[in-house]
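1. Using only what follows, build the 3D model:
(4 chains)
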Protein chains: 2
Amino acid sequence: MPPPATAALQGVSAHQLKVACSGCGLRELCLPLGLSPTELAAVERLIQRGQSIRKGQFLYRAGAAFGALYIVKAGCFKSSVVSEDGREQVTGFYMSGEMIGMDAISTERYTCSAIALEDGEVCELPFSRLESLSQQIPALQRHFYKLMSREIVRDHGVMLLLGNMKAEERLAAFLLNLSQRFQCRGYSPRQFNLRMTREEIGSFLGLKLETVSRLFSRFQDDGLILVNNRQIELLDLPALRRLFVNGQQ
Amino acid sequence: MPPPATAALQGVSAHQLKVACSGCGLRELCLPLGLSPTELAAVERLIQRGQSIRKGQFLYRAGAAFGALYIVKAGCFKSSVVSEDGREQVTGFYMSGEMIGMDAISTERYTCSAIALEDGEVCELPFSRLESLSQQIPALQRHFYKLMSREIVRDHGVMLLLGNMKAEERLAAFLLNLSQRFQCRGYSPRQFNLRMTREEIGSFLGLKLETVSRLFSRFQDDGLILVNNRQIELLDLPALRRLFVNGQQ
DNA sequence: CGCCATCTTGATTTTCGTCAAGGTTAGTGG
DNA sequence: CCACTAACCTTGACGAAAATCAAGATGGCG
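-> Residues are numbered from 1 along each chain as shown, chains lettered A, B, ... in the order given. Predicted coordinates:
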């Protein structure tokens, strides 16, 4: 795990957990800009901060009654839908500053399950209170419309991936996406640790774990990446991008 | 086209187009219940009703500045993302009462293009006015949160389809989904006309048009459906469901 | 009536999944 | 601290599913 995250996690303490949104490094990721101090204080009262989740623990299960949205504060989560017979489709991997649970608003039940891929923390946002607060704070309402819209756009991207791209293009896109998200969070875009298994990557990308494994090996043989179990180094970002974009021919 | 839609479309006139939400048969599909007469009137002022769109016409293009959401009033639309090189992924087909354009909220640009698959009409909802109105009417805000959430859930379903299901399962799921949506609108769930080409179905389902064509033929040979060009009759709904659900094993 | 878009069907190829075996790693309990 | 175990990963051989290529049929629209 990259250093800053490690620090954030290992340094966990009552003190740190109580750090308010106003002092949170993720603030610009999850809160709208331009809130007045009063508004910010109201938002802070809304949020249940710093709930720790252990690796493998469910944040919520599909079918459970909807109570809250969650913002990942530390760690990495996967969200997945399971079909009646048990086949799992990972619908996304979520890292710090990203919100999960929006699927539950429509039916008042979670339609996905969310599981921690490593020890982590979330901020819990009780939805009914969020709703009334966003009724009072236009910027907050707008912000949540945008967050939900962003999720829709992301999903469309995944649909493009699954519907149109070949295995190697999917994996290249996946790695580049991770790279970019790590970079946004101040980590290296070239070196990172995967938090998920080959099977979970495969489930997300519509591939079998063997295919994912083979592709990692091939990318390494081709000098595109360096793989050491879950540790990834992207050696040739332009080539990966070409693979991804040219793939789209 | 099934009779009621034909009536709605062919009977188009200034008079009918001006029918307000309060008298619109789609009202329960697109508006929240329990609005007061005052609130309903405010919503009606917001909506630009009855814009006609001809077959093949763009409702909006990917990249265009975001102005409004649209509710399909008549006809059928497809929404698609196009990758840099021109591969198209159809992200959805939309029929009466369904809302499109929500992807554009996050970036203030449409990320998809929406095209009419037949002559139709839409209600236009200027987003900035929708925003301020939903600020004033809690039920409206809640309604739009739910609509966006529903779109996310739908997208997850498509991801499950694309990531986990075999070609025949995808097509069965597609037909059953259409069937159900026609039924909701008062048309026959067993007989309907497709509004889209084999290629568009294929694009949506992550298949090539030849595969779609072959599957239609096979379903027909197996006595599951009757195909006559775009006219579809579902002969054995339970078997289609089994294909869809068992497919998920 | 004729043309172009759309659809069907067949033959072949490619891609990825399946099955199988063995290796590695991390975590657990002695 | 070390040995053991279970989960995870890699690699190969083979097979199935769907894509590709190709040719011709059909149908809707001007």
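
2. so what's the residue most central in space within chain A up against?
-> Central residue of chain A (Cα atoms, centre = their mean): A:Tyr94, 1.2 Å from the mean position. Residues in contact with A:Tyr94, defined by Cβ atoms under 8 Å, 6 or more residues apart in numbering or on different chains, are A:Val72, A:Cys76, A:Phe77, A:Lys78, A:Ser79, A:Ile100, A:Ala114. Any C-beta I mention is one placed from the backbone N, CA and C, and that applies to glycine too.

3. repeat for A:Arg129
-> Neighbours of A:Arg129 in contact, by Cβ under 8 Å, 6+ apart: A:Leu46.

4. avg pLDDT for stretch A:36-45?
-> Stretch A:36-45 comes out with an average pLDDT of 88.

5. Kindly report the same for stretch A:195-206.
-> Taken as a whole, stretch A:195-206 has a mean pLDDT of 98.

6. Next secondary structure after the top helix by length along chain A?
-> The longest helix of chain A (DSSP state H) is helix A:138-164. Using DSSP states H and E, the helix or strand that follows helix A:138-164 towards the C-terminus is helix A:167-184.

7. Pull that next one out as PDB, backbone CA atoms only.
-> Taking Å, rounded to 0.1, in the frame of the first residue of the first chain, the C-alpha atoms of helix A:167-184 are listed here in PDB:
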ATOM      1  CA  ALA A 167      -9.700  -8.800 -23.300                       C
ATOM      2  CA  GLU A 168      -6.300  -7.100 -23.600                       C
ATOM      3  CA  GLU A 169      -8.000  -3.700 -24.200                       C
ATOM      4  CA  ARG A 170     -10.200  -4.200 -21.100                       C
ATOM      5  CA  LEU A 171      -7.200  -4.900 -18.900                       C
ATOM      6  CA  ALA A 172      -5.200  -2.000 -20.300                       C
ATOM      7  CA  ALA A 173      -8.200   0.300 -19.700                       C
ATOM      8  CA  PHE A 174      -8.500  -1.100 -16.200                       C
ATOM      9  CA  LEU A 175      -4.800  -0.500 -15.300                       C
ATOM     10  CA  LEU A 176      -4.900   3.000 -16.800                       C
ATOM     11  CA  ASN A 177      -8.000   3.900 -14.800                       C
ATOM     12  CA  LEU A 178      -6.400   2.700 -11.600                       C
ATOM     13  CA  SER A 179      -3.300   4.600 -12.500                       C
ATOM     14  CA  GLN A 180      -5.200   7.800 -12.900                       C
ATOM     15  CA  ARG A 181      -7.100   7.400  -9.700                       C
ATOM     16  CA  PHE A 182      -4.000   6.700  -7.700                       C
ATOM     17  CA  GLN A 183      -2.400   9.800  -9.200                       C
ATOM     18  CA  CYS A 184      -5.400  11.900  -8.300                       C
END
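
8. which other helices and strands contact it?
-> If contacts are counted by 3 or more Cβ pairs under 8 Å, 6 or more residues apart in numbering or on different chains; DSSP states H and E, helix A:167-184 sits against helix A:138-164, strand A:191-193, helix A:198-205, helix A:209-221, strand A:231-234, helix A:237-247.

9. 10 Å - rerun?
-> strand A:88-94, helix A:138-164, strand A:191-193, helix A:198-205, helix A:209-221, strand A:225-228, strand A:231-234, helix A:237-247 (3 or more Cβ pairs under 10 Å, 6 or more residues apart in numbering or on different chains; DSSP states H and E).

10. Quick check: strands, which of the contacts of A:Tyr94 are part of them?
-> Under the assignment DSSP state E, the contacts of A:Tyr94 contribute A:Val72, A:Phe77, A:Lys78, A:Ser79, A:Ile100, A:Ala114 to strands.

11. What is the lowest-pLDDT residue among those?
-> A:Val72 (94).

12. For beta bridges, what are the partners of that residue?
-> Note on A:Val72: beta-bridge partners A:Val122, judged by DSSP bridges.

13. Same check on the one 10 residues further on?
-> Beta-bridge partners of A:Val82, counted by DSSP bridges, are A:Glu88.

14. just to revisit the earlier point, and of the contacts of A:Tyr94, the nearest to chain B?
-> If you rank the contacts of A:Tyr94 by distance to chain B using Cβ to the nearest Cβ, A:Ser79 comes first, at 8.6 Å.

15. Can you name the residues that contact A:Arg242?
-> Taking Cβ atoms under 10 Å, 6 or more residues apart in numbering or on different chains as the criterion, A:Arg242 is in contact with A:Ala172, A:Leu224, A:Asp236.

16. ok, now how distant is the residue lying closest to the second one once chain neighbours are set aside from A:Ala172?
-> Nearest residue to A:Leu224, sequence neighbours excluded (Cβ to Cβ, 6 or more residues apart in numbering or on different chains): A:Asp236, at 4.9 Å. A:Asp236 sits 11 Å away from A:Ala172, going by Cβ to Cβ, to the nearest Å.

17. that older thread, hang on, isn't the residue nearest to A:Leu224 packed against A:Leu243?
-> Yes - using Cβ atoms under 10 Å, A:Asp236 is in contact with A:Leu243, at 9.4 Å.

18. Those two: who's more crowded?
-> Higher neighbour count among A:Asp236 and A:Leu243: A:Leu243, with 22 against 14, using other Cβ atoms under 10 Å in any protein chain shown.

19. which intervals of chain A have sub-threshold pLDDT?
-> Low-confidence segments of chain A, defined by pLDDT under 70: A:1-19, A:246-249.

20. repeat that with 80
-> Along chain A, the model assigns pLDDT under 80 to residues A:1-20, A:25, A:28-29, A:48-50, A:85, A:245-249.

21. Thank you, goodbye.
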